[in-house]
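>>> Generate coordinates for the sequence data below:
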Amino acid sequence: MATAAVLAPHDVPTTLNYYSPIGEEAPYQYVLEPPEGVPRDNIGTDTHPVTVHDARGRQSEFTIDNGGFQFVKHLSAEKDFDDEERIKTEYYKEVEELLKKEVGAKRVFIFDHTIRRKPAPEVGSKPDNRGPVERVHIDQTFEASVQRVHYHLGEEADRLLKGRVRIINVWRPIHHPVAHKPLAVSDWRYLDTKHDLVPVRFIYPHREGSIFSVRYNPNHKWYYLSNQTPEEVTLIKCYDSDVDRARLTPHSAFLDKSSPPEAPHRESIEVRCLVFDSE
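The predicted structure is shown next:
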């Protein structure tokens with residue numbers, strides 16, 4: 001049983017880092033090291049005060065299809081997440097079954113995962129420092145989401161894209177409840193997609209995708225699950241081909257100044273999944 005010191009449930013006044021342009025070039029970010037002499041990205045920071053509301057006790061109000069995120073209970077057999085092969089062979093199976101149960105998936109294709117165990121990277125640090133991301137973003141644009149189906153599933157893609165397709169991240173704490181840098185999610189129903197979403201070229205060594213950065217909008221409504229434990233999972237929608245449902249949710253780590261200093265740094269895993277409803 002986790003015993004780390006954590007906060008009582010509460011709303012948190014904090015700040016979030018939104019998008020600000022740098023220069024005239026379209027926004028871009030290199031996933032790994034950029035070419036010599038090229039900045040890693042041209043994404044500026046526009047910091048605004050917000051209140052992140054505590055969803056504890058209100059979890060049933062939020063579903064993956066109304067707000068773009070959902071909190072679910074799930075006990076995993078995996079506790080340490082220190083063996084990549086075991087994560088891919090055992091934990092991935094758990095995630096597939098969870099998505100079939102909770103969101104009605106017929107088929108799940110997991111394309112990657114990220115483990116975060118370090119404090120947030122300092123400005124100028126190397127990109128292999130996998131701390132919490134303190135910038136409002138969505139992991140895929142609409143176009144990049146469709147491209148991912150083609151990239152990973154090849155000849156099956158055209159058939160699969162005729163049905164409903166989603167990208168859902170399955171996020172959970174590791175080892176202890178979250179005290180430092182919890183995860184905030186933004187309710188889709190308060191987004192202005194034409195104003196708020198900024199496509200950013202996401203440049204890999206061998207290909208190119210894109211993510212959404214997010215402009216500040218005072219109408220955004222932010223939530224988190226206080227004292228979130230390893231038995232509590234956040235489902236984060238990054239794409240939905242169904243235009244009549246929540247299509248995505250911006251998200252970001254955030255600072256809670258009242259976090260007890262003796263509490264351990266956040267550890268978490270997010271598993272990114274293509275979710276198909278037709279087969």
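>>> what is residue 237 paired to in the beta sheet?
Residue 237 has these beta-bridge partners by DSSP bridges: residue 168.
>>> With residue 209 instead?
residue 202.
>>> OK, contacts around it?
Contacts for residue 209 were tallied using CB atoms under 8 Å, 6 or more residues apart in numbering; they are 140-141, 144, 147-148, 202. For glycine as for every other residue, the C-beta is placed from the backbone atoms N, C-alpha and C.
>>> can you pull out the strands in the stretch 101-250 of the chain?
Here the stretch 101-250 of the chain has its strands, by DSSP state E, counting those that start in this stretch, at 107-116, 137-138, 165-173, 183-186, 197-203, 208-214, 222-224, 232-240.
>>> Those strands into a markdown table, with extra columns for mean pLDDT and distance to residue 157?
Putting these into a markdown table (pLDDT from 0 to 100; distance: least, CB to CB, whole Å) gives the following:
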| stretch | mean pLDDT | distance to residue 157 |
| --- | --- | --- |
| strand 107-116 | 97 | 11 |
| strand 137-138 | 98 | 21 |
| strand 165-173 | 98 | 10 |
| strand 183-186 | 98 | 29 |
| strand 197-203 | 97 | 20 |
| strand 208-214 | 97 | 15 |
| strand 222-224 | 98 | 34 |
| strand 232-240 | 98 | 14 |
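>>> Any chance of the ones you listed in CSV with distance to residue 22 as columns?
Listed next are the strands of the stretch 101-250 of the chain as CSV, based on distance: least, CB to CB, whole Å:
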stretch, distance to residue 22
strand 107-116, 25
strand 137-138, 16
strand 165-173, 27
strand 183-186, 23
strand 197-203, 12
strand 208-214, 11
strand 222-224, 25
strand 232-240, 24
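>>> closest one to residue 153 among those?
strand 107-116 (6.6 Å; CB to CB).
>>> buried ones in the closest one?
Buried residues in strand 107-116, counted by 16 or more other CB atoms under 10 Å: 107-110, 113, 115-116.
>>> Not counting that strand itself, show me its contacts.
In this structure, residues lying in contact with strand 107-116 by CB under 8 Å, 6+ apart are 81, 87, 92, 95-96, 99-100, 130-132, 148, 152-153, 160, 174, 266-276, 279.
>>> Please repeat the previous calculation with a cut-off of 6 Å.
Counting contacts by CB atoms under 6 Å, 6 or more residues apart in numbering, the residues outside strand 107-116 that touch it are 81, 92, 96, 99, 130, 132, 152, 268-276, 279.
>>> Please, a ChimeraX command that selects the buried ones among those?
Here is the ChimeraX command that picks out the buried ones among those, judged by 16+ other CB under 10 Å:
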select :81,92,96,99,132,268,269,270,271,272,273,274,275,276
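>>> Just the contacts of strand 107-116: which are in strands?
Using DSSP state E, the subset of the contacts of strand 107-116 located in strands is 268-276.
>>> closest to residue 246 among these?
The nearest member of these to residue 246, counting by CB to CB, is residue 275 at 13.7 Å.
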